[in-house]
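**Student:** predicted model and sequence follow; I will ask about them next.
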Amino acid sequence: EIQCVTGVQTCALPIWDTMHAKPMNAAYSKTICALSIALAMSACGSESDENGAIYGEGGGGGDRYSSNNESWGEPGSAEDGGGEGGEVGEGVRPASGQLTAGRWRDVDNWAMWLKLMDPSGQWRAVTQSWGFMPVELVKVEVVSGQAPAIDAEVVLKDAQGAALWTARTDHAGRAYLFPSFFTGAPGVAGLEVEVGGVTAQVGADGEAVEIDAPGLAAPADTLDVMFAIDVTGSMLDEQSYLRSEMRDVMDRLEDERPDLTIRASMNFYCDPDDEFDVISNPFGPVAGAMDTLDAGASCGGGDYPEGVDEALDDALGHEWSTSARARVLFLVLDAPPHDDQGGLGRLARFAREASARGIKLVPVVSSGSDKPLEFLLRPLVMATNGTYAFLTADSGIGGDKIEPTIGSFEVEYLNELMLDYLLTQTGSGTL
């Protein structure tokens, strides 16, 4: 039974997790606190208390509910008078174009990545704990008929002809291959690359291998876009904003690329111990995926790690297009997977298979994340020729956000970043 309580705005943090006999992580504690306050206030049958916490219909000003002076509610859309930081009624989506983000590609900043992987540094061990050690990179540029070869299979082989790594070329005909992604064994001597029956030796100078492979088939005018979204409690501070940004991106994408067949899949995940592990939905029209997004899903979470590995494994089980201009997986999350042997095996499988099938991983890292998650995702992004995207604090929305260990970057609106990425992958963006 929920009892009426007014005038309460804070909790004693962190909240104690009785199931696991330890404190909850900070982000989840704040979320539980905010929800508890909101429920207690709603039991009073009033829209606000003397401290200005709001719960109910319409209006502007203030947060939907607050905890420790941090906002955990939904801002109103501009047409509903909420605006930035405003309160919304039930069923109203926040306006898009509010969340801010940055992006980074380690394959384009390889020297910086190698410095991070120096044996004397702290980040090498963190990366190795996930079973990855990408310190050898082979870049390949493929043309066919004097144009970039898109979605062409590229195989890296050792001196005996055994396949070491397989990838597919992107919109610019580029592929990135890793001779020792899991072990970090040095050296590229004797390696060769094969594309469409044409082979080329890998040099020791680190320069890109250039291959002209005439007669390669053009890709189908298809774009596959998948979303895998963490819907545990710790995501509540930004969840409604993220939904608005994703819908805006997909609506505008269809308007800008009517020439493409765009297939979308909307998936939600929790943790193996929650109400559900993964809610998986097949590829289909964008409208259907957006309806699934609006319907949403939620679960508890509890401990910090979540079912990231299960979500990635589920993604591999979908029917991705065999020929496409691009295949993109947006992974929206704030917590790492469990690091048991089963989970590590699923992560390794995803890295290798997603690369071979041309599935580009683009994580959208939200508030409450940590450095181990960063140094899990960045190698996975490299393996799949994706982009590491992360929310920044510039929007003032959500909880604390860590600064990634990268070089300088441009702060962008998340929806513009995501749309530009998809347009670029299909040949009409800015990168």
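**Tutor:** Sure, I can see it. Residues are numbered from 1 along each chain as shown.
**Student:** for the stretch 201-350 of the chain, give me the ranges with low pLDDT.
**Tutor:** 301-303 (pLDDT under 70).
**Student:** distance of Ser321 relative to Ala218?
**Tutor:** The gap separating Ser321 from Ala218 is 14 Å, by C-beta to C-beta, to the nearest Å. C-beta: built from backbone N, CA, C; applies to glycine.
**Student:** same question for Leu164.
**Tutor:** For Leu164, the distance to Ala218 - C-beta to C-beta - is 28 Å.
**Student:** neighbour count for Ser321 and Ala218, which is higher?
**Tutor:** Ser321 (19 against 13; other C-beta atoms under 10 Å).
**Student:** for the residue nearest the centre of the chain, list the residues it contacts.
**Tutor:** By C-alpha atoms, centre = their mean, the mean C-alpha position of the chain lies nearest to Pro363, the distance being 1.7 Å. Pro363 sits next to Phe330, Leu331, Val332, Leu333, Leu377, Leu380, Val381, Gly386, Tyr388, Ala389, Phe390 when contact means C-beta atoms under 8 Å, 6 or more residues apart in numbering.
**Student:** show me what it is bridged to.
**Tutor:** In this entry, Pro363 is beta-bridged to Leu331, by DSSP bridges.
**Student:** next one: it from Asp255, what distance?
**Tutor:** Taken as C-beta to C-beta, the span from Pro363 to Asp255 is 26 Å.
**Student:** okay, helices next: where are they in the stretch 251-400 of the chain?
**Tutor:** 286-295, 308-316, 341-357, 371-384 (DSSP state H, counting those that start in this stretch).
**Student:** again with the stretch 101-250 of the chain
**Tutor:** Going by DSSP H, counting those that start in this stretch, the stretch 101-250 of the chain shows helices at 110-116, 123-128, 239-256.
**Student:** to Ala204, which of those lies closest?
**Tutor:** Closest to Ala204 of the helices of the stretch 101-250 of the chain is helix 110-116 (C-beta to C-beta; 15.0 Å).
**Student:** show me how far the closest one is from its chain's centre.
**Tutor:** Helix 110-116 sits 22 Å away from the centroid of its parent chain (C-alpha atoms, centre = their mean, to the nearest Å).
**Student:** equivalent analysis for stretch 179-188, please.
**Tutor:** Worked out by C-alpha atoms, centre = their mean, stretch 179-188 lies 26 Å from the chain centre.
**Student:** His307 and Asp277 touch, don't they?
**Tutor:** If you look again at residue 307, you'll see it is Gly, not His. Yes: in this structure, Gly307 is within contact of Asp277 by C-beta atoms under 8 Å, at 5.5 Å.
**Student:** these two: which has the busier surroundings?
**Tutor:** Counted by other C-beta under 10 Å, Gly307 and Asp277 do not tie: Gly307 has more neighbours, with 27 against 17.
**Student:** list the contacts for the more buried one?
**Tutor:** Counted by C-beta under 8 Å, 6+ apart, Gly307 has contacts Tyr269, Cys270, Asp271, Pro272, Asp274, Asp277, Val278, Pro337, His338.
**Student:** hang on, the earlier thing: mutual contacts of Gly307 and Asp277, please.
**Tutor:** Tyr269, Cys270, Asp271.
**Student:** out of those, which are buried?
**Tutor:** If you count burial by 16 or more other C-beta atoms under 10 Å, the buried members of the shared contacts of Gly307 and Asp277 come out as Tyr269, Cys270, Asp271.
**Student:** using JSON lines, please lay out the helices of the stretch 251-400 of the chain together with mean neighbour count and distance to Ala213.
**Tutor:** JSON lines is the format used below for the helices of the stretch 251-400 of the chain (neighbours: other C-beta atoms under 10 Å; distance: least, C-beta to C-beta, whole Å):
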{"stretch": "helix 286-295", "mean neighbour count": "16", "distance to Ala213": "33"}
{"stretch": "helix 308-316", "mean neighbour count": "23", "distance to Ala213": "27"}
{"stretch": "helix 341-357", "mean neighbour count": "19", "distance to Ala213": "18"}
{"stretch": "helix 371-384", "mean neighbour count": "23", "distance to Ala213": "22"}
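**Student:** list the ones among the shared contacts of Gly307 and Asp277 that fall in strands.
**Tutor:** Among the shared contacts of Gly307 and Asp277, the members falling in strands (DSSP state E) are Tyr269.
**Student:** tell me, how many residues neighbour Ile397?
**Tutor:** When neighbours are counted by other C-beta under 10 Å, Ile397 comes out with 22.
**Student:** please tell me I have it right and it contacts Leu99.
**Tutor:** Yes: using C-beta under 8 Å, Ile397 is in contact with Leu99, at 6.1 Å.
**Student:** how close does the residue nearest to the centre of the chain sit to Val381?
**Tutor:** Taking C-beta to C-beta, one finds Pro363 at 7 Å from Val381.
**Student:** which residues are in contact with each of these two?
**Tutor:** What both Pro363 and Val381 touch, as defined by C-beta under 8 Å, 6+ apart, is the set Tyr388.
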